[in-house]
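In: Test case, fold it:
(one chain, ligands or ions: 2)
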Amino acid sequence: MHTNRKTVGIVGARGHTGMELIRLIAAHPVLQLAFVSSRELDGQRVADHVDGFADELRYASLDPAAVAAQGADVVILALPNGKAAPFVEAIDAAKPDTLILDLSADYRFDPSWYYGLPELTRGQWRGEKRISNPGCYATAMQLSIAPLRDLLAAPPVCFGVSGYSGAGTTPSDKNDPEKLRDNLMPYALTGHMHEKEASFRLGVPVEFMPHVAPHFRGLTVTTNLYLTRPLKREDVLQRFHAAYDGEKLAIVTDEAPWVSRIAHRHHAEVGGFAVSADGKRVVIVATLDNLLKGAATQAMQNINRAIGVDEYTAIPL
Ligand SMILES: NC(=O)C1=CN([C@@H]2O[C@H](COP(=O)(O)OP(=O)(O)OC[C@H]3O[C@@H](n4cnc5c(N)ncnc54)[C@H](OP(=O)(O)O)[C@@H]3O)[C@@H](O)[C@H]2O)C=CC1
Ligand SMILES: CC(=O)N[C@@H](CCC(=O)OP(=O)(O)O)C(=O)O
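Out: Ligands and ions are numbered 1, 2, ... in the order given. Sure thing, here's the model as predicted:
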């Protein structure tokens, strides 16, 4: 047992990503769950909702002031987009040295927050205690494009397909298993938030066409890239191996990865690398579990680094 434990609270703990975070934190040697907030599950035992959770902890419905008053060392915001600010303001006022990790899109464009996609931005962390976790598709897009960023002749075009857990628990067409049955549902075909996020973070325009499919978890992004000069397939592979061979959670595969093999896994896979006959067009496929590398696992990497423990602590590899 670690002697210097840190307390952590999750706001939005009923949700898909909150539930994954509860599991990861329950197995963490340094972090200790202090509170889990949900309005709907107020008073109920976490153990009745999260498989394998053995503690007596109960959900509590905490407003921003009540969250700040808990005085936790780390607060994770796992709320729908647009809901984080009152919690951040209350913590800023009560205990500003709290480490806040926000899973939503609310601070991904805010330069005062560290944007934590460790495989690409690890070197940019300057000790910030405000961390914005990347979007799930945006993670897959950036991992697919970054190693070829200097050779782009045109905006990369990304075709994305997500399992419906990506759409959260608020009922909508995008998480309605009946409407999704035998279906592939296109949405936000221009201007999706993750198109803006990937473009902003990579510094090049990216085009993104998302779809949601009948499976529950895991996403695929297939990216078409036009290059300014011809490359051989081995040159493309060499660039990706150079970028990710030291990484435990970004794995380069020769074949195009399958989404059915990534569910419940903590890493992303990037593969395929089909090159056109003239060498100036490359197609790359990335898969990841939207709830893990696309959300909770990436959050864990970021929190681990910020609390000064090994980045992969409590992440099953
Ligand atoms: N699902 C995914 O694949 C990914 C999600 N994200 C982001 O993570 C965040 C959480 O997503 P996800 O877990 O899917 O969302 P869910 O819809 O599954 O859960 C949202 C949680 O927020 C709570 N909540 C909703 N509205 C409010 C409110 N106004 N005030 C306080 N609590 C509220 C809900 O619980 P209750 O109503 O009981 O309080 C619930 O616990 C989102 O911003 C999402 O964009 C990021 C990457 C991937
Ligand atoms: C299938 C589905 O709906 N996926 C979500 C993306 C997942 C997500 O939660 O992304 P943010 O954190 O950026 O909101 C969407 O397209 O909005």
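In: neighbours around the residue in the chain positioned nearest to ligand 1, how many?
Out: Among the residues of the chain, residue 15 lies closest to ligand 1, at 2.1 Å counting by Cβ to the nearest ligand atom. C-betas here are computed from N, CA, C, even on glycine. When counting by other Cβ atoms under 10 Å, one arrives at 22 neighbours for residue 15.
In: Give me the mean pLDDT for stretch 151-161.
Out: Mean per-residue pLDDT for stretch 151-161: 99.
In: and if you look at stretch 173-185?
Out: 98.
In: All the helices of this protein, in order from the start?
Out: 16-26, 64-70, 85-94, 118-121, 136-145, 177-180, 193-202, 233-244, 297-306 (DSSP state H).
In: For residue 35, find the nearest of those.
Out: Closest to residue 35 of the helices of the chain, according to Cβ to Cβ: helix 64-70, at 5.4 Å.
In: Tell me the buried residues in the closest one?
Out: Within helix 64-70, the residues that qualify as buried are 64, 67-68, 70, counting by 16 or more other Cβ atoms under 10 Å.
In: which strands and helices sit next to that helix?
Out: strand 6-11, strand 31-37, helix 85-94 (3 or more Cβ pairs under 8 Å, 6 or more residues apart in numbering; DSSP states H and E).
In: Verify the contact between residue 56 and residue 47 for me.
Out: Yes - here residue 56 lies in contact with residue 47, judged by Cβ atoms under 8 Å, at a distance of 7.4 Å.
In: These two: which has the busier surroundings?
Out: residue 47 (14 against 8).
In: tell me the contacts of that one?
Out: Shown in contact with residue 47 (Cβ atoms under 8 Å, 6 or more residues apart in numbering): 53-57.
In: How about the contacts made by residue 164?
Out: Contacts of residue 164 (Cβ under 8 Å, 6+ apart): 174-177, 180, 212-216.
In: Look up phi and psi at the residue lying closest to residue 79 once chain neighbours are set aside.
Out: The shortest distance from residue 79 to any non-neighbouring residue, by Cβ to Cβ, 6 or more residues apart in numbering, is to residue 12 (4.2 Å). Note on residue 12: backbone dihedrals following degrees, to the nearest 10 are phi 90, psi 30.
In: Report whether the expected contact of residue 12 with residue 75 is present.
Out: No - Residue 12 lies out of contact with residue 75 (Cβ under 8 Å); the separation is 10.8 Å.
In: Can you tell me how far residue 51 is from residue 72?
Out: 24 Å (Cβ to Cβ, to the nearest Å).
In: So which of these two has more stuff around it?
Out: residue 72 (24 against 7).
In: quick one, what contacts the more buried one?
Out: Residue 72 touches 7-9, 34-35, 98, counting by Cβ under 8 Å, 6+ apart.
In: Report the residue ranges of every domain in this protein.
Out: Domain assignment of the chain by automatic domain parsing yields the ranges 6-134+295-306, 136-290.
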